[in-house]
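> need a 3D model of the following:
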Amino acid sequence: MRKLLVLGATAVIRYCRNKPELAGWINALLQRRPARVVTIAVANKMARIAWAVMSRGEAFRQEASAIA
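Next up is the predicted model:
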């Protein structure tokens, strides 16, 4: 599961580098930290979102201005 989350986070970061206007949080973090550290941070955030969705039994509601 961890490998899949890290792989997905890597894809999100690669996408956000090409579209800087969509992911301010990730790009700001990339300016301060190495890419591997940001990858783990994004994977952690995705895991927390998945846990919240599963534990509450609700549908995921993404903000209009956020990617991750």
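> just checking, T39 touches T10?
Yes. If you go by Cβ atoms under 8 Å, T39 and T10 touch, sitting 5.4 Å apart. Where you see a C-beta, it was placed from the backbone N, CA and C, and this is true even at glycine.
> and the two? Which one has more around it.
T39 (23 against 16; other Cβ atoms under 10 Å).
> pLDDT below threshold where in this protein?
Judged by pLDDT under 70, the chain has its weakly predicted residues at 63-68.
> hmm, try it at 50
Judged by pLDDT under 50, the chain has its weakly predicted residues at 65, 68.
> can you pull out the helices in it?
Counting by DSSP state H, the chain has helices at residues 2-18, 24-32, 35-56.
> which other helices and strands contact the longest one?
Yep, that's helix 35-56 we're talking about. Applying 3 or more Cβ pairs under 8 Å, 6 or more residues apart in numbering; DSSP states H and E, one finds that helix 35-56 contacts helix 2-18, helix 24-32.
> quick one, what contacts T39?
Neighbouring residues of T39 by Cβ atoms under 8 Å, 6 or more residues apart in numbering: V6, A9, T10, I13.
> that older thread, nearest to F60, out of the helices and strands packed on helix 35-56?
helix 2-18 (14.1 Å; Cβ to Cβ).
> give me the angle between that closest one and helix 24-32.
90 degrees (axes from the mean of the first three to the mean of the last three Cα atoms, to 10 degrees).
> ok, and for helix 2-18, which residues are buried?
Within helix 2-18, the residues that qualify as buried by neighbour count (16 or more other Cβ atoms under 10 Å) are L5, V6, G8, A9, T10, V12, I13, C16.
> related to what we said a few turns ago, export the helices of the chain as JSON lines, with columns for distance to Q62.
Formatted as JSON lines, those follow (distance: least, Cβ to Cβ, whole Å):
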{"stretch": "helix 2-18", "distance to Q62": "12"}
{"stretch": "helix 24-32", "distance to Q62": "13"}
{"stretch": "helix 35-56", "distance to Q62": "9"}
